[in-house]
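1. Structure for this input, please:
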Amino acid sequence: MGTSTVGTAAGYRPSATLPFLAEFRRQASRRRTQLALGFMVLLPLIILIAFQFDSGDDDNGGGEFGSLISFATSGGLNFTLFSIFVSASFLLVVVVALFFGDTVASEASWGSLRYLLAAPVPRARLLTVKLLVAAAYSGLALLLLAGTALAAGTLRYGWSPLRSTVAAELPPGEGLLRLLAVLGYLAVVLLVVAGLAFLLSVSTDAALGAVGGAVLLWILSSILDQITALGVLRDFLPTHFSTAWLGLLSTPVQTDDVVRGTISSISYATLFWTLAYWRFTRKDVTS
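-> Predicted structure coming up:
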């Protein structure tokens, strides 16, 4: 005997409602998606043009990131690394917060959320599809940024070894693998932003509030992480290991902080997503 379908329409399958591809195409038609992805392509080109006006006399600054700036024009791999560096601390945070914070809140602000649920689309199904679509576009944004930087940088500066002061010169093949590892770790770190923005998105009808709230809380965590008086408490901040990807460039590779950062990010993201599902499945949707 099959599963009982009492109380449901003939042929109704919750898993068939709101297909992923349909939602993916719908989000692709939105202006914010097009602008966000377009800017990921445009940014490396802007940086490339800016370097053409660099006289070479300015101080590149010191610290652990100084080498990334000084070697940015030494090859396509280094140019890609520099593009990732200047984007990681804020731009990528905003883009990820935009994709995840706009998921449910925008539907509520337009008054279309209740119609989606009346389709009927199960609430958990709705959240899951929107979560996956937001993750797909966030990943695409990261790949577009790195891919454009690698293509433009290689055409302009050549296919050269990856260089920095924290590592020995790496052959192009190994350097590319290191860059892919950096991108993978950044994607994991940004899960915290994704989870927080998603939680705020199901808690408010204002998409801007969800996006801005996630970005502001990330910035607040970054500021608190600079206060050394907090001691070991800083280890529990979601941003504490956000720059641990530098260890992936060193010789030999330093993975201790990468592992800690991965565990921290996945734990925070899981907590935020769990709260989002709990909140939305119990929420009285009126918009």
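2. Figure out the helix or strand that residue 136 lives in.
-> helix 123-157 (DSSP states H and E).
3. Let's test this: mean pLDDT of the very next helix or strand once past that helix, rounded?
-> Of the helices and strands lying after helix 123-157 in sequence (DSSP H and E), the nearest is strand 162-164. Across strand 162-164, pLDDT averages out at 81.
4. Can you point out the buried residues in stretch 79-95?
-> 79-88, 91-95 (16 or more other CB atoms under 10 Å). Backbone N, C-alpha and C define where each C-beta goes, glycine included.
5. Apologies, that question was intended for stretch 20-31.
-> For stretch 20-31, burial by neighbour count (16+ other CB under 10 Å) applies to 23, 27.
6. Check the offset of it from the chain's centre.
-> 18 Å (CA atoms, centre = their mean, to the nearest Å).
7. ok, now stretch 30-41?
-> 14 Å.
8. next one: stretch 245-255
-> From the chain centre to the centre of stretch 245-255 is a distance of 21 Å (CA atoms, centre = their mean).
9. So that it lines up with my notes, have the first residue be 7 from now on.
-> Sure, I'll start numbering at 7, so the last one becomes stretch 251-261.
10. Output it as CSV, restricted to C-alpha atoms.
-> What follows is stretch 251-261, C-alpha atoms only, in CSV (Å, rounded to 0.1, in the frame of the first residue of the first chain):
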residue,chain,number,x,y,z
TRP,A,251,43.4,31.7,4.7
LEU,A,252,46.9,33.3,4.8
GLY,A,253,48.1,30.1,6.3
LEU,A,254,47.2,28.3,3.0
LEU,A,255,49.8,30.5,1.2
SER,A,256,52.7,29.8,3.6
THR,A,257,55.5,27.3,3.3
PRO,A,258,54.8,24.8,4.7
VAL,A,259,51.0,25.2,4.7
GLN,A,260,49.6,26.2,8.1
THR,A,261,46.2,24.6,8.6
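11. what's the average pLDDT for it?
-> For stretch 251-261, the per-residue pLDDT averages 88.
12. Of all the residues in it, which ones are buried?
-> By neighbour count on 16+ other CB under 10 Å, the buried set for stretch 251-261 is 251-255, 261.
13. Now for residue 239, how many residues are close by?
-> When neighbours are defined as other CB atoms under 10 Å, residue 239 has 12 of them.
14. Next: residue 134.
-> Based on other CB under 10 Å, the number of other residues close to residue 134 is 14.
15. Kindly provide the distance from it to residue 111.
-> 17 Å (CB to CB, to the nearest Å).
16. which residues of this structure fall in helices?
-> Ranges of helices within the chain are 26-34, 37-58, 72-76, 82-94, 97-107, 111-116, 119-123, 129-163, 178-195, 197-207, 213-231, 262-287, based on DSSP state H.
17. and the angle from the first one to helix 129-163?
-> Think helix 26-34. Here helix 26-34 points in a direction 60 degrees away from that of helix 129-163 (axes from the mean of the first three to the mean of the last three CA atoms, to 10 degrees).
18. What average pLDDT does helix 26-34 get?
-> In this model, helix 26-34 has a mean pLDDT of 89.
19. by how many degrees do it and helix 37-58 diverge?
-> If you take the same axes, to 10 degrees, helix 26-34 sits at 60 degrees to helix 37-58.
20. Dump helix 26-34 to CSV, keeping only the CA atoms.
-> In CSV, the C-alpha atoms belonging to helix 26-34 read as follows (Å, rounded to 0.1, in the frame of the first residue of the first chain):
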residue,chain,number,x,y,z
PHE,A,26,15.0,24.9,-7.9
LEU,A,27,15.6,25.9,-11.6
ALA,A,28,12.4,27.9,-11.6
GLU,A,29,13.5,29.9,-8.6
PHE,A,30,17.0,30.2,-10.0
ARG,A,31,15.7,31.7,-13.2
ARG,A,32,13.4,34.0,-11.3
GLN,A,33,16.2,35.4,-9.2
ALA,A,34,18.4,35.7,-12.4
